[in-house]
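> sequence? don't have it. structure:
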């Protein structure tokens, strides 16, 4: 800060700054380095163009939907998403995550249209998708349907033709002083940012504030969050939370437990997803899912949760669709039931609700055929609707009944109990009813018909039962 600006400060402000500096010089109780003070909202920030959205859901109530703009419609733009907002809403979605909407770098570009994660300008809109006004209209119309909208934020790296590249100290460098791509990756199309540089941090946080004010978004999914230091995320979230008139959703793509302490409400359930695939590949290990679920849920609560999924843009493009990975359409539905009923926040990636058979690209246009498999879409709607209506499913205490080939558990909240039984194998079988549940009476959660647990339950390949009482 320049001397002539300091002289304009009041004596009281100087005292406050000195006290704050003294406090920050002390080490935190957990031994980590002190966090630099969060930059305040400054006069250089743009004015808010619209009133904050008032219906942002609590973390435990979120059902999130990821939109890959290049695949979502034939035109691959904001208008294509607007045209299907009612369809998204009808699934039971209340939060839309838009994959990056910023201009894409051309230098060292990867793929036909370039990666949307190679950001050329953090404060502009990719004309491939439309204009700022088009984006604002999309967000307003989502809000009109009581759906929040979050942006995908790429803070680890920029494109090689981002204007920031002229500030060499803002980027990581090799021993020869050359700017490098993120270490340990093959992301040659992007340049790694240097979080030891405080000016770069301020510019990054300024850009995050920009979209909250200029597009009225409701938060961020933060890409590659594990690659960035804890104190930056704490600095960023502290700043964003100064928008006290707004309720923001903050999701970290990562598994570090300290993301919650940094201010995020959600992290990725990567361990659960990996175990889920393993169980469907080897049904004899079905009971292992409970161990992973329990470990992943340790020290979490209704405001600190895991994002549960059977696919996302990375999984679909690199590994395959849920239909590929979980034994066909029936298996993918069984996996979904386990993913969103055992705990956490559900994520649906565009196209999985119709059983899209393509490994959707996000480097090129790759439109989804929305007309296929309406039976799958109907099943998705039922699974999501019951989860939204059931406090037991969302927040209840889980009791597991370990078994080979079948994942069975109950969840209880107050007077409500839900039992979920899933055959994770491709074979028909008889599941021996656990002794404490034998001959108990239930209602099918979807048909509301009576169901008696008896002493054994016949299950078709990949069949799932959701029962309530």
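Here it is on my side, so go on. This structure is a prediction, so every number in the text was calculated from the model and none was measured.

> now residue 304, nearest residue through space, not along the chain?
Leaving aside its sequence neighbours, residue 304 sits nearest to residue 260 (CB to CB, 6 or more residues apart in numbering; 4.6 Å). Placement of C-beta: from N, CA and C, glycine included.

> backbone dihedrals for that neighbour, please?
phi -70, psi -40 (degrees, to the nearest 10).

> just checking, it touches residue 305?
No: the criterion here is CB atoms under 8 Å, and residue 260 misses it with residue 305 at 9.3 Å.

> let me see the domain layout of the chain.
Split into domains by automatic domain parsing, the chain comes to 59-395, 399-468.

> about what we covered before: which one's more surrounded, residue 260 and residue 305?
Ranked by neighbour count (other CB atoms under 10 Å), residue 260 and residue 305 place residue 305 first, with 23 against 19.

> for that one, which residues count as its bridge partners?
Counting by DSSP bridges, residue 305 forms beta bridges with residue 266.

> just list the residues touching it, thanks.
59-60, 265-266, 343-345 (CB atoms under 8 Å, 6 or more residues apart in numbering).

> tell me which two of those sit farthest apart.
Maximum pairwise distance among the contacts of residue 305 (CB to CB): 14.6 Å, between 265 and 343.

> can you tell me which of the contacts of residue 305 end up in strands?
Counting by DSSP state E, those place 266, 345 in strands.

> any idea which of the contacts of residue 305 is closest to residue 450?
residue 343 (27.8 Å).

> for that closest one, which non-adjacent residue is closest in space?
Nearest non-adjacent residue to residue 343 (CB to CB, 6+ apart): residue 297, at 5.6 Å.

> which ones are touching that neighbour?
Neighbouring residues of residue 297 by CB under 8 Å, 6+ apart: 306, 343-344.

> Throw the domains of the chain into TSV and include distance to residue 44, thanks.
What follows is the domains of the chain, written out as TSV (distance: least, CB to CB, whole Å):
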stretch	distance to residue 44
domain 59-395	8
domain 399-468	47
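
> determine which stretch of those is the most buried.
Among those, domain 59-395 has the highest mean neighbour count (mean count of other CB atoms under 10 Å), at a mean of 19.

> now name the helix or strand holding the closest residue in space to residue 45 that isn't next to it in sequence.
Sequence neighbours aside, residue 209 is the residue nearest to residue 45 in space, at 5.6 Å (criterion: CB to CB, 6+ apart). Following DSSP states H and E, one finds residue 209 within helix 198-214.

> can you give me the mean pLDDT across whichever helix or strand comes after that helix?
Following helix 198-214 in sequence order, the next helix or strand is strand 219-222 (DSSP H and E). Across strand 219-222, the average pLDDT comes to 99.

> got it, and stretch 435-443?
98.

> gap between the two ends of it?
19 Å (CA to CA, to the nearest Å).

> and it, how far out from the chain's middle?
Distance, stretch centre to chain centre, for stretch 435-443: 36 Å (CA atoms, centre = their mean, to the nearest Å).

> ditto for stretch 312-323
Remark: stretch 312-323 is offset 15 Å from the chain centroid, using CA atoms, centre = their mean.

> stretch 88-104 too?
Chain-centre distance of stretch 88-104: 11 Å, with CA atoms, centre = their mean.

> equivalent analysis for stretch 110-123, please.
20 Å.

> again with stretch 393-412
Taking the mean of its C-alpha atoms, stretch 393-412 sits 24 Å from the chain's own mean (CA atoms, centre = their mean).

> and the contacts of that stretch?
Here stretch 393-412 makes contact (CB under 8 Å, 6+ apart) with 60-61, 279, 283-287, 289-290, 293, 302, 338, 341-343, 386-388, 390, 392, 413, 416-425, 427, 429, 431-432, 434, 437, 459.

> go on, stretch 437-449?
Residues from elsewhere that reach stretch 437-449 (CB under 8 Å, 6+ apart): 382, 386, 390, 401, 410, 418-419, 433, 450-455, 465-469.

> end-to-end on it?
End-to-end distance for stretch 437-449: 18 Å, by CA to CA.

> also stretch 291-304?
Using CA to CA, one end of stretch 291-304 lies 19 Å from the other.

> for that stretch, give the mean pLDDT please.
Stretch 291-304 carries an average pLDDT of 96.

> what of stretch 139-150?
99.

> ends of that stretch, how far apart?
End-to-end distance for stretch 139-150: 9 Å, by CA to CA.

> contacts for it?
By CB under 8 Å, 6+ apart, the residues outside stretch 139-150 that reach it are 50, 53, 55-57, 82, 85-86, 88-89, 93-98, 138, 215-221, 249, 251.

> element containing residue 392, please.
Secondary structure from DSSP H and E places residue 392 in helix 391-395.

> typo on my end, residue 378
helix 374-389.

> what's the average pLDDT for that helix?
Helix 374-389 shows a mean pLDDT of 99.

> what's the residue nearest to residue 343 sitting at in phi/psi?
Phi and psi for residue 297, reported as degrees, to the nearest 10, are phi -90, psi 0.

> roughly how far does it sit from residue 387?
16 Å (CB to CB, to the nearest Å).

> got the phi/psi numbers for residue 79?
With angles defined as degrees, to the nearest 10, residue 79 sits at phi -60, psi -40.

> right, I mislabeled it, should have said residue 456
The phi/psi pair for residue 456 (degrees, to the nearest 10) reads phi -160, psi 140.

> show me what contacts the residue nearest to it when sequence neighbours are not counted?
Among residues not flanking residue 456 along the chain, residue 430 sits closest, at 4.7 Å (CB to CB, 6+ apart). Taking CB under 8 Å, 6+ apart, we find residue 430 in contact with 456-459.

> which of those fall in helices?
Members of the contacts of residue 430 lying in helices (criterion: DSSP state H): none.

> which one of the residues you listed is nearest residue 310?
When the contacts of residue 430 are compared for distance to residue 310 (CB to CB), residue 459 comes out closest, at 19.8 Å.

> can you tell me how far that closest one sits from residue 341?
On the measure of CB to CB, residue 459 and residue 341 end up 16 Å apart.
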